[in-house]
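> Here is a sequence with its predicted model. Questions after.
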Amino acid sequence: MRSFAELRGSIPALVTPFDPDSLELDLLALADLADRAVLRGAAALVVCGTTGEAPAMRPDEQTRALHAVIEAVAGRVPVIAGIGAPCTESAVALAEAAGHAGAAGLLVAAPPYVRPGQEGLRAHIRAVVSRSGLPVMLYDVPSRAAVAFTDETIARLWEEGAIAAIKDATADLARPTRLRGLCGPELLQFSGDDGTAAAHLAMGGMGCVSVTANVTPALCAALDDAWRAGDLHRFGELRDLLAPLHAALFAETNPVPVKAALHLLSLCAPTPRLPLLKAGEATMALLARNMAEITPEEETRARAMARARELKAAALHWRRPAA
């Protein structure tokens, strides 16, 4: 239950597209977003997280969305199911359904609104783990849950084998070092904050569970690739190129701006479910300016990746022995 194998890199937290009129799931658009992300370098995908508007979806809708992504991905990368519910019983039911659907792992957050203590948080995670049998990436997002996991609670969950990784959305850049001291290097630490994701890599992080990677998956993957290759010049270029987009995508409550950005790319409708509303005019104008600058870079990188795949496939075909 503890292993995510060698999970590293950029992990888009996928939006959930809805039909703009009926607000029903647009599973074709979701599948296309998943396929696009994988082709452009995503190391894994998260479905039905905060960015996926899971709190506005019924459990059966979350299962359908997960099925659609798993089918579209067809085993190319792990698909991780977001698990967030205000009571443990509901979280366990979501986790069991995700396991039956074929999820590779779970992204488990604290129950929102109820604000349990540290022992309650630990019991919540342990209950989900004991019933699912899937590796868990702990999601620490106090801005949403109104409660945070302490370093000591994380260390206890790690020691008990309850978690394999953490998505840290606190933007506390001293934390990776502290957690390495408590848990060792085997605990996989991912940023959950796009604006500080580059700095999190420099502090020993393994990648980012990213909102921005919905829009620019190739560039987000390239940032991680540049860091691991030791190409600090390219890393710095990509960090600075992506920074304005990171800021623009949080000009309003996530996922309002990222859906608007994907709409500008004709990839999905901009419509979230109530109580969220579509992005305002100022946000749309800000996104349009940022996208005009960064989209050509994203498409150039995506074409290069497609060409590399073609060359690899041709080489494998040439080497294949005759029947």
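Arrived safely.
> how about the strands of the stretch 201-323 of the chain, start to end?
207-210 (DSSP state E, counting those that start in this stretch).
> what ranges of it fall below the confidence cut-off?
Residue ranges of the stretch 201-323 of the chain with pLDDT under 70: 317, 319-323.
> 90 instead, please
The stretch 201-323 of the chain contains residues with pLDDT under 90 at 309-323.
> Tell me which stretches of it form helices.
217-229, 232-248, 256-264, 281-319 (DSSP state H, counting those that start in this stretch).
> Same check on the stretch 1-150 of the chain?
So, for the stretch 1-150 of the chain - with DSSP H, counting those that start in this stretch - the helices run 27-39, 59-73, 88-101, 118-132, 142-145.
> Name the nearest residue to Thr153, ignoring sequence neighbours.
What sits nearest to Thr153 in space, not counting adjacent residues and going by C-beta to C-beta, 6 or more residues apart in numbering, is Gln118, at 4.7 Å. Quick note: C-beta positions are derived from backbone N, CA and C, even for glycine.
> looking at it, the one you found is touching Asp151, isn't it?
No - counting by C-beta atoms under 8 Å, Gln118 sits too far from Asp151 to count as a contact (10.6 Å).
> dump the residue contacts of Met284.
Ala260, Leu264 (C-beta atoms under 8 Å, 6 or more residues apart in numbering).
> now swap in Ala13 and tell me
By C-beta under 8 Å, 6+ apart, the neighbours of Ala13 are Val46, Gly49, Thr50, Thr51, Gly52, Gly82, Val209, Ser210, Val211, Ala213, Asn214.
> mind listing what the fifth one touches?
Gly52 makes contacts with Ala13, Leu14, Val15, Thr16, Val46, Ala65, Gly82, Pro255, as judged by C-beta under 8 Å, 6+ apart.
> Next: the last one.
Taking C-beta under 8 Å, 6+ apart as the definition of contact, the neighbours of Asn214 are Pro12, Ala13, Leu14, Val15, Leu33, Ala37, Thr51, Val258, Ala261, Leu262.
> Just give me the neighbour total for the residue nearest to Thr153.
14 (other C-beta atoms under 10 Å).
> Go through the contacts of Asn214 and say which is closest to Glu281.
Of all the contacts of Asn214, Ala261 has the smallest distance to Glu281: 14.6 Å, by C-beta to C-beta.
> So the closest one sits against Ala288, correct?
No - look at Ala261 against Ala288 with C-beta under 8 Å: they stay out of range, at 9.1 Å.
> Show me which of those two is the more surrounded one.
Between Ala261 and Ala288, counted using other C-beta under 10 Å, the more crowded position is Ala261 (32 against 13).
> Could you check how far that one is from Asp240?
19 Å (C-beta to C-beta, to the nearest Å).
> ditto for Asp231
Taking C-beta to C-beta, one finds Asp231 at 14 Å from Asp240.
> Which one of the two is surrounded by more residues?
Asp231 (14 against 10).
> Phi and psi next, for the more buried one.
phi -90, psi 80 (degrees, to the nearest 10).
> Count the residues that sit near Gly161.
Neighbours around Gly161, by other C-beta under 10 Å: 13.
> Surely it forms part of a helix?
No - counting by DSSP: H, G, I helix; E, B strand; the rest coil, Gly161 falls outside a helix, being coil.
> Check the contacts of Ala13 and tell me the two furthest apart.
Farthest pair in the contacts of Ala13, by C-beta to C-beta: Gly82 and Ala213, 15.2 Å.
> quick one: which of the two has more around it?
Ala213 (33 against 28).
> Return the residues in contact with the more buried one.
For Ala213, counting by C-beta under 8 Å, 6+ apart, the contacting residues are Ser10, Ile11, Pro12, Ala13, Ala37, Ala42, Cys220, Ala221.
> for the second one, what are its contacts?
Spelled out, it's Ile11. Ala42, Ala43, Ala44, Leu45, Val46, Ile80, Phe190, Gly207, Cys208, Val209, Ser210, Ala213.
> Can you lay out these as a markdown table showing distance to Ala164?
Output for these, formatted as a markdown table (distance: C-beta to C-beta, whole Å):
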| residue | distance to Ala164 |
| --- | --- |
| Ala42 | 19 |
| Ala43 | 14 |
| Ala44 | 12 |
| Leu45 | 17 |
| Val46 | 14 |
| Ile80 | 11 |
| Phe190 | 11 |
| Gly207 | 14 |
| Cys208 | 17 |
| Val209 | 14 |
| Ser210 | 19 |
| Ala213 | 21 |
